[in-house]
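Engineer: Starting from these lines, generate the structure:
(one chain, ligands or ions: 3)
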Amino acid sequence: MSNEFESVQVGHGEDLMTLTRWVIAQQQHAPEATGDLTLLLTAIQFGCKFVASKVKQAGLINLLGLTGAANVQGEDVKKLDVLANDIFRNALIASGKACILVSEEDEKAMVIQDHGQRGKYIVTFDPLDGSSNIDCGVSIGTIFGIFKVEDTENPSMKDLIRSGRHLIAAGYCMYGSYCEMILSVGNGVNGFTLDPAIGEFIMTHPNIVMPPRGKIYSVNEGNYKYFNEASKKYVDQVKQKYSARYVGSMVSDIHRTLLYGGIFGYPADSKSKKGKLRILYEVFPMAYLIEQAGGKASTGTQNALDIIPEHIHDRSGIWLGSKEDVEELEACYKACA
Ligand code: AHG
Ligand code: MN
Ligand code: MN
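Structural biologist: Numbering: from 1, shown residues only. Ligands and ions are numbered 1, 2, ... in the order given. Okay, here's the model as predicted:
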């Protein structure tokens, strides 16, 4: 063969590590595991595939645009927000392993009333993250966090008003130029890409470890005028040395930050006094993943996983990213205190 051609290994990739296979393998390593988390993750995985397929068709089957309603947070609800919420709610209930569901789109937490269908897990989720990007085809996602209830017979608000240290798993799925599930069950972070030909998530990013420092900062600088002194100081400083990237879908901005390093922030400011991002289904799951990948998550003055929300839709300012970058940000908060 002419040396202009590279010989391709035929038969490569016949032993695929699917997400399901990986989750079952984790279960086998934990002798006390009952298989319940495996079933819950199977439901989430199904929800993500279902939403991924709808996102792809959205422009063709009248799924773009607004419903005309607003959610409890006063935000306009898009058709895909509602569809994704229904998909995840149904899948999670059907798994029989959920006890409480907390969704961005539902004002109240939902307790599974049927004891036959009630499991021990709390799932907090943002069914469709990056809603403002839906109609122009920019990457969007789903974010989820998983906790355990203290007492399956008596689930209460106390189960929800806890720090992020109680998370037992978290992840997100990005519906982008490829569809990727990023997951941690507390022993590192792995990435699985959806192979549409076989309908399975395949491990493509094993053991993601963030670089200690990056070259990108990611923040909505349109809000600069509202920033406090510490955020202004940090942004003024970081833009002297880094490139800027800001998608405006947290999932996509975090995905880039996980893979390339750098820092993403949505700080509390004079317009959004408690920040914009919601603690239970945006801040906690992403902080957990970033920490599991060796990065850091901070409000500026406190580790993000130590926040205790006041209510289920409570918000917090947040900075996430490479350890040294987030420490530089924290130094600005100290200097401005
Ligand atoms: P959601 O679409 O679930 O309401 O979340 C939107 C969030 C998040 O994805 C993103 O980081 C942030 O809003 C972007 O906000 P701005 O448009 O204010 O920059
Ligand atoms: Mn969101
Ligand atoms: Mn959302």
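
Engineer: near ligand 1, which residues of the stretch 1-150 of the chain show up?
Structural biologist: 75, 104, 126, 129-132 (C-beta under 6 Å from any ligand atom). For glycine as for every other residue, the C-beta is placed from the backbone atoms N, C-alpha and C.

Engineer: Closest one of these to Ala58?
Structural biologist: Checking those against Ala58 with C-beta to C-beta, the nearest one is Ser131 at 12.0 Å.

Engineer: close enough to count as contact, Gly171 and Asn190?
Structural biologist: No: at 9.4 Å, Gly171 does not count as touching Asn190 under the criterion of C-beta atoms under 8 Å.

Engineer: Tell me the residues that contact both of the two, please.
Structural biologist: 182-184 (C-beta atoms under 8 Å, 6 or more residues apart in numbering).

Engineer: Tell me the one among those nearest to Ile44.
Structural biologist: Leu183 (8.9 Å).

Engineer: How about the lengthiest helix in the chain and ligand 3, touching?
Structural biologist: Longest helix in the chain, counting residues (DSSP state H): helix 36-57. No: using C-beta under 5 Å from the ion, helix 36-57 stays clear of ligand 3, with a minimum separation of 11.5 Å.

Engineer: in that helix, what's buried?
Structural biologist: Within helix 36-57, the residues that qualify as buried by neighbour count (16 or more other C-beta atoms under 10 Å) are 36-52, 54-55.

Engineer: cool, stretch 198-212 as well?
Structural biologist: Applying 16+ other C-beta under 10 Å to stretch 198-212 flags 200-203, 208, 210-211 as buried.

Engineer: cool, stretch 78-96 as well?
Structural biologist: 78-85, 87-89, 91-93, 95-96.

Engineer: Report the contact partners of Val72.
Structural biologist: Counting by C-beta under 8 Å, 6+ apart, Val72 has contacts 106-107, 313.

Engineer: ok so it is a helix residue?
Structural biologist: No: using DSSP: H, G, I helix; E, B strand; the rest coil, the assignment for Val72 is coil, not a helix.

Engineer: So it versus ligand 2, what's the distance?
Structural biologist: Applying C-beta to the ion, to the nearest Å, the value for Val72 to ligand 2 is 14 Å.

Engineer: With Leu19 instead?
Structural biologist: In terms of C-beta to the ion, Leu19 sits 22 Å off from ligand 2.

Engineer: count of neighbours near the closest residue to Gly119 other than its chain neighbours?
Structural biologist: For Gly119, ignoring the flanking residues on the chain, the nearest one in space by C-beta to C-beta, 6 or more residues apart in numbering is Lys97 at 3.3 Å. Lys97 sits with 25 neighbouring residues when counted by other C-beta atoms under 10 Å.

Engineer: All further residue positions should be reported with the first residue as 879.
Structural biologist: Let's use 879 as the start, then, which means that last one is Lys975.

Engineer: Do I have it right that Lys975 meets Thr916?
Structural biologist: No: using C-beta under 8 Å as the test, Lys975 is too far from Thr916 to be in contact (9.0 Å).

Engineer: thinking again about what came up before, show me which of Gly1049 and Asn1068 is the more surrounded one.
Structural biologist: Shown here are Gly1049 and Asn1068; by other C-beta under 10 Å, Gly1049 has more neighbours (27 against 23).

Engineer: closest point of the stretch 879-1028 of the chain to ligand 2, which residue?
Structural biologist: When scored by C-beta to the ion, the stretch 879-1028 of the chain has Asp1007 as its residue closest to ligand 2, at 3.4 Å.

Engineer: Around that residue, count how many other residues there are.
Structural biologist: Asp1007 is flanked by 28 other residues according to other C-beta under 10 Å.

Engineer: quick one: contacts for it?
Structural biologist: By C-beta under 8 Å, 6+ apart, the neighbours of Asp1007 are 1018-1021, 1050, 1127-1129, 1160.

Engineer: swap in Ala1175?
Structural biologist: By C-beta under 8 Å, 6+ apart, Ala1175 lies in contact with 1161, 1164-1165, 1168-1169, 1181-1183, 1196-1198, 1204.

Engineer: can you give me the helices for the stretch 879-1028 of the chain?
Structural biologist: Under the criterion DSSP state H, counting those that start in this stretch, helices of the stretch 879-1028 of the chain are mapped to 897-907, 914-935, 957-973.

Engineer: Can you flag the buried ones in the shared contacts of Gly1049 and Asn1068?
Structural biologist: Counted by 16+ other C-beta under 10 Å, the shared contacts of Gly1049 and Asn1068 give 1060-1062 as buried.

Engineer: quick check, nearest of the residues you listed to ligand 2?
Structural biologist: Ile1060 (15.2 Å).

Engineer: Quick check: bridge partners of that closest one?
Structural biologist: Here Ile1060 sits in beta bridges with Tyr1050, Gly1069, going by DSSP bridges.
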